[in-house]
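> Output the structure for:
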Amino acid sequence: MKKRFIFTLIALLLLTPLCALLLSPQEATAKEVLSELSDQQLLEFLAAYEIEIPDEIESVENYIDGIRIWIVRTEENPAVRFQYGSCVLNDLSNEIKDAVNDYYGVSPQISPYSTSGYKLQDSTLYSWDPKTMKSYNCYGYAIGRNELLDPGIICGMYKPIGECTIYELAQFTKFDLESMGYACVSTPSTRPTSQSLRSGQTAICIRYGYDGDFWHDYHFMRLFGNVWRHKIGRTAVLTYTYLPSDSRIWLGEGVDDEGTFPGNYSYYGPIYYIVFGNTHAYSERYSGNEYHSGSRHYYEIVDGCDCGDQRSSRWISKPCSGPPRSTIMRDPELDFS
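Numbers count the residues shown, from 1 in each chain. Here you go, the predicted model:
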């Protein structure tokens, strides 16, 4: 009996080092909290996961603070959704989310098409096809391209979103559309309607956004008939319940494989509208240029389009004794013949 006890004890002593070797590093030592690491350590963590920081992100002042916020939110909720209009923000935030979950050994189990319990507040679901709709964002949807695009990419004038105003983003969109071959691109100051558009024209709009923590974003909507539709990042197409208005904030809510989600950011401030079509609608109109010479008053008439493009101009005159004189706006009898 005594010999058997000694043999068992020796066997346990021999196996103890082997058991220690079988323990994984994660089990052997407590993991450091990523969000508490230094900036340099965080960058080293990202490099270890082969996550490259795009130049447009590095150009944002204190960008590491924004990355840290993504990490904190993932630590708090491994299944957090990051959906931005900006392709760069959308893809980088989700790469970091996956790396953080892998570091902690977390695999959020989400059943496809499960509901989160959240109900859309300002939109209704129009269409969701995960096989196709994950391949384009709100901008791609607005301009009819099944691609992940940011304003300015097509025309070669792209700037990081943190370095430009919403007006600049609207102008980049205009230049993109012209680079795509649209012959008539205008930026009206008032909201277009289906009645104000001529055949073949399309209306879209853009607005600035903020995620409430660090990152700025943008969002597009597109007019279909009498309703405006949109999609957040790689999610479903929604129909907006209201009409775009500067006085009403847009919510970052959406629908994806995991169900509906409220989003943690909003879009606010001025809305910029862009109208584009395949052809110009030329008509003769008064340009606003005029002058008086001798006994006649001269007016410039241009053959132009509402978008500002013109293909010709000419001058017409009418008898006039000089100031004070009636202008074309006050003289309904003046014609262009």
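
> Would it be right to say that Y299 lies in a helix?
No. Y299 is assigned strand when assessed by DSSP: H, G, I helix; E, B strand; the rest coil, not a helix.

> Does it touch W315 like I think?
Yes. With contacts counted by C-beta atoms under 8 Å, Y299 reaches W315, the gap being 6.8 Å. Backbone N, C-alpha and C define where each C-beta goes, glycine included.

> The two: who's more crowded?
Neighbour count, other C-beta atoms under 10 Å: between Y299 and W315, Y299 has more, with 20 against 12.

> Quickly list what that one is bridged to.
Beta-bridge pairing for Y299 (DSSP bridges): E290, I316.

> from now on call the first residue 48
Got it, the first residue is 48 from now on, which makes the last one we talked about Y346.

> what's downstream of the helix or strand of the chain at the bottom of the mean pLDDT ranking, the next helix or strand?
Here the helix or strand of the chain ranked lowest by mean pLDDT, DSSP states H and E is helix 72-75, holding a mean of 38. The helix or strand immediately downstream of helix 72-75 is helix 86-95, counting by DSSP states H and E.

> which strands and helices sit next to that next one?
helix 110-123, helix 134-151 (3 or more C-beta pairs under 8 Å, 6 or more residues apart in numbering; DSSP states H and E).

> For S340, find the nearest of the ones you listed.
Nearest to S340 among the helices and strands packed on helix 86-95 is helix 134-151; the distance by C-beta to C-beta comes to 57.1 Å.

> how about the closest one: buried residues?
Of the residues in helix 134-151, those buried under the neighbour-count criterion (16 or more other C-beta atoms under 10 Å) are 134-144, 146-148, 150.

> Give the rounded mean pLDDT of that helix.
Averaging pLDDT along helix 134-151 gives 94.

> list the contacts for the closest residue to C134 other than its chain neighbours?
In space, and not counting its chain neighbours, C134 is closest to L195: 4.3 Å by C-beta to C-beta, 6 or more residues apart in numbering. Residues in contact with L195 (C-beta atoms under 8 Å, 6 or more residues apart in numbering) are C134, N137, D138, S182, Y183, N184, G187, R281.

> Near the fourth one, how many other residues are there?
To tie it back to what came earlier, the one meant is S182. So S182, with other C-beta under 10 Å, has 11 neighbours.

> swap in the last one?
As a burial measure, the neighbour count of R281 was computed by other C-beta under 10 Å and equals 22.

> That one contacts N137, doesn't it?
Yes. Contact status for R281 versus N137: in contact at 6.8 Å, counting by C-beta under 8 Å.

> neighbours around D176, how many?
9.

> Paired strands for the host helix or strand of Y314, with orientation please.
Using DSSP H and E, Y314 maps to strand 313-324. Sheet pairing of strand 313-324 (DSSP bridges) gives strand 231-233 (antiparallel), strand 249-257 (antiparallel), strand 297-298 (antiparallel).

> Off-centre distance for the second one?
To tie it back to what came earlier, the one meant is strand 249-257. When distances are taken as C-alpha atoms, centre = their mean, to the nearest Å, strand 249-257 is centred 8 Å away from the chain's centroid.

> ok, residues contacting it?
Applying C-beta under 8 Å, 6+ apart, the set of residues contacting strand 249-257 from outside is 132, 189-191, 198, 212-213, 216-217, 220, 238-239, 244, 263-270, 275, 291, 297, 299, 312-324.

> Mind checking what helix or strand follows it in sequence?
Trace forward from strand 249-257 with DSSP H and E and the next one is strand 263-271.

> Could you tell me the angle between the following helix or strand past that next one and strand 313-324?
Next in sequence after strand 263-271, counting helices and strands by DSSP H and E, comes strand 274-278. Calculated by axes from the mean of the first three to the mean of the last three C-alpha atoms, to 10 degrees, strand 274-278 forms an angle of 110 degrees with strand 313-324.
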